[in-house]
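Colleague: Sequence first, then the predicted structure, then my questions.
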Amino acid sequence: MAHLLLIEDDPTIRGALIRALSSRGHAVDSAADAMGGLQQVVADPPDAVVLDLGLPDLPGERLLTMIRAVSDVPVVVATARDDEGLVVRLLDAGADDYVVKPFDPSQLEARVRAVLRRSSGGASTPAAPPVHRVGGLLVDPSRHVAEVDGRPLDLTPLEFDLLGYLAANPGRVVTRRELMREVWQRTDSGRTVDVHLSWLRRKLGESAEQPRFLHTVRGVGVRLEDGAQS
Amino acid sequence: MTRRLVLFGLLVCAAAVAALVVPLGVAARDTVRAGAIDAAQARAQETAVLLSGAGVDAVEALLPGAPGGEGTLSVVLPDSTVVGPEPGPGLQPAVGAARTGRAVTVENGSGVLAASPATGPDGTSVVAVALGPTDLRTGLGPSLAALALAGAVLLGAAAVTAVVLARRTAAPLTDMAGVAHEMADGDLDVRAAASGVPEVAEVGVALNRLAGRVQELLATERRASADLAHRLRTPLTALAVDLDSVEDGEVRARLRDDLDAVQASVDEIITARRRPEREGLRAASDAVEVVAARTAFWAVLAEDQQRGLQVSLAAGPLWVRLARADLEAAVDVLLQNVFVHTPEGTGMVVRVDARPGGGALLAVEDAGPGWSDAPAARPGSTGLGLDIAARAAEASGGELRRERSSDGGARVVLALGPPAD
């Protein structure tokens, strides 16, 4: 169980997120404005902060800077904007991760868990994310390395994230929509995922007709497992 | 501009020099002429004094002692005999007038004749000095040469001054033109140096103010876009979070689909609203290069689905009035439409051709079942994708056309306009 501080001015979202995160076993404090949130960070340091950028008394980016001045607490920013410039600024300002609105509680919680995992070893020795092994496939997020049977793969950042997510969920059929939400943080219903999966197949050395790792479940999604071992 | 300013300066100066030198030249000519005539009259009078009192027999002996000078000296004796060279036309009137006892000067078509009477024991002789055209211009050449030299020096000085002034005037304008082009290409932080003549410096100040104002407007646009995204996506977030508490999985999935559809529309609205941010002041991208890149990206999926993908690109670049991101999105929509709405194995053709009048024609066609009876969309489509492409085409000054391919499938043509000059 983690102690979370939710800084969100919209009472509907605040209430619903408190219920959703509490039901997942977290202790959730909340603040409706920036100053209240900053006071709670100082007075009762949480394990992680979920920070909405659109606050009534202070821009969320300013509050993020102020929090960083007094605390190393992990911060996940919730933003309605998804442009790269803003994301880079947020990460530069000290955000540990971000989630683009609209999101569902499971998305948010997954990111909170990830930043808690990274910070659990302390600021000086952050815990390394786990290495995923699926048969002959290895994905090591901390080193940003992916290998098939010891052969390194040349992947784009997006392809690496896609493979990493599938490798973190081996044997489970992952829907296209889930991949869009978790990897792209979007909900487009387009075929972008399919194209990236096709590219990934080529780099994994397989084809749609003769898959080894990426098995398409028609009409549902894709499942990652090492077909050479089954 | 520099050349025109120099040319203008030279023309003005040449006119001024001409207005000064030509009257001076005329005056010099008149002065020389008047001097020559005065000298001829004096010579005639002095010779007449020398001959006065002498008989006609003594004239020839006395003439060598007469004063010299320009022109030809002749003496017309009382019996009209001429001693010396024939003075030429105009002799008789002058001689007639001089015989009355007064000195006269007569001009004819070819020169001037100065005549003075010399009274002697045999009657009145007439001393005539004839000046030809050459005699009347003696000494004029050096004066005119001096004037021409002075004019040339003035013109040279004017040319140098004109070049310096023109460069001083044009250089800040050239700099400002460069700055304006940089601004048009999207760099709004660049500023013009407000230098040069006051009017030109004022243009620089105005250009800088304009750039600042455009920056303010774009910042306002960005804030408005951010506010719009916040206001639209925040209630969607509340819905998404509330959906989590719906216990019936089937209902939750259905509501989630509905929410995704709403979110896709909201994303499109926000994306369209941000177009000015993406475009800056001048939207331009190479249709050939972008379509080549996007078809290469989609080719792997086409191959996985056993689709024949033919790509035919005109020689590039073909510049169109769209930010690269917007053109990429439009191309992706057209290609994605084929993948979504036609069975695997269906072939597709992508063509890019030059558009008459500038811009490009992008055509994507397939051998699928074609359009449904409903004109706006294929079966099962929300039409949102084609709306994105249509808006991109319209933003470029073009249009989207839905047609039927030669195989009976669907053909979408994006007519994309050229960038603004």
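Modeller: On my side now, so go ahead.
Colleague: Toward the C-terminus, what is the element adjacent to the host helix or strand of B:Asp242?
Modeller: For B:Asp242, the host element (DSSP states H and E) is helix B:198-243. Per DSSP H and E, the first helix or strand lying C-terminal to helix B:198-243 is helix B:249-273.
Colleague: list the buried ones in that following helix?
Modeller: Judged by neighbour count using 16 or more other CB atoms under 10 Å in any protein chain shown, the buried positions of helix B:249-273 are B:255-256, B:259-260, B:262-264, B:266-268, B:270-271. (Glycine included, C-beta is placed from N, CA and C.)
Colleague: pLDDT for those residues - can I get that in a markdown table?
Modeller: Formatted as a markdown table, the buried residues of helix B:249-273 follow (pLDDT from 0 to 100):
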| residue | pLDDT |
| --- | --- |
| B:Leu255 | 87 |
| B:Arg256 | 82 |
| B:Leu259 | 84 |
| B:Asp260 | 79 |
| B:Val262 | 84 |
| B:Gln263 | 80 |
| B:Ala264 | 77 |
| B:Val266 | 84 |
| B:Asp267 | 80 |
| B:Glu268 | 77 |
| B:Ile270 | 82 |
| B:Thr271 | 79 |
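Colleague: picking that back up, so what secondary structure elements neighbour the helix holding B:Asp242?
Modeller: Contacts defined by 3 or more CB pairs under 8 Å, 6 or more residues apart in numbering or on different chains; DSSP states H and E place helix B:198-243 against helix A:11-23, helix B:140-184, helix B:249-273, helix B:275-279.
Colleague: Tell me which of these sits most buried.
Modeller: With neighbours defined as mean count of other CB atoms under 10 Å in any protein chain shown, these peak in mean count at helix A:11-23, which reaches a mean of 18.
Colleague: and the helix or strand following that one, is it in reach of chain B?
Modeller: Downstream of helix A:11-23, the next assigned helix or strand under DSSP H and E is strand A:27-31. No. Using CB under 8 Å from any CB of the partner chain, strand A:27-31 stays clear of chain B, coming no nearer than 12.7 Å.
Colleague: I'd assumed B:Ser372 was in a strand, is it?
Modeller: No. According to DSSP: H, G, I helix; E, B strand; the rest coil, B:Ser372 belongs to no strand; its state is coil.
Colleague: What about it, how many residues nearby?
Modeller: Residues lying near B:Ser372 (other CB atoms under 10 Å in any protein chain shown) number 14.
Colleague: Could you measure from it over to chain A?
Modeller: Distance, B:Ser372 to chain A, using CB to the nearest CB, to the nearest Å: 19 Å.
Colleague: what's the answer for B:Leu322, then?
Modeller: Using CB to the nearest CB, one obtains 18 Å as the distance from B:Leu322 to chain A.
Colleague: Then B:Ala287?
Modeller: 20 Å.
Colleague: Leaving out chain neighbours, which residue sits closest to that residue?
Modeller: Distances taken as CB to CB, 6 or more residues apart in numbering or on different chains put B:Ala360 closest to B:Ala287, at 3.7 Å, once the chain neighbours are dropped.
Colleague: List the contacts of that neighbour.
Modeller: B:287-288, B:314, B:318, B:320, B:352-354, B:416 (CB atoms under 8 Å, 6 or more residues apart in numbering or on different chains).
Colleague: Pull out the buried residues from these.
Modeller: Judged by 16+ other CB under 10 Å, buried ones among those: B:287-288, B:314, B:318, B:320, B:352-353, B:416.
Colleague: can you tell me which of those are in helices?
Modeller: Mapping the buried ones among the contacts of B:Ala360 onto helices (DSSP state H) picks out B:287-288.
Colleague: Save the buried ones among the contacts of B:Ala360 as CSV, and put in pLDDT too.
Modeller: What follows is the buried ones among the contacts of B:Ala360, written out as CSV (pLDDT from 0 to 100):
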residue, pLDDT
B:Ala287, 92
B:Val288, 94
B:Ala314, 91
B:Leu318, 92
B:Val320, 93
B:Val352, 94
B:Asp353, 94
B:Leu416, 93
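Colleague: I'd like to know which of the buried ones among the contacts of B:Ala360 are part of strands.
Modeller: B:320, B:352-353, B:416 (DSSP state E).
Colleague: Can you sort out which of the residues you listed also neighbour chain A?
Modeller: Okay, of those, nothing touches chain A (CB under 8 Å from any CB).
Colleague: ok, so of those, who is nearest B:Thr2?
Modeller: B:Val320 (35.7 Å; CB to CB).
Colleague: Please verify my assumption that that closest one contacts B:Asp326.
Modeller: No. If you go by CB atoms under 8 Å, B:Val320 and B:Asp326 don't touch, sitting 9.8 Å apart.
Colleague: Make CSV out of the helices and strands packed on helix B:198-243 and add distance to B:Arg29.
Modeller: Putting the helices and strands packed on helix B:198-243 into CSV (distance: least, CB to CB, whole Å) gives the following:
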stretch, distance to B:Arg29
helix A:11-23, 102
helix B:140-184, 6
helix B:249-273, 82
helix B:275-279, 72
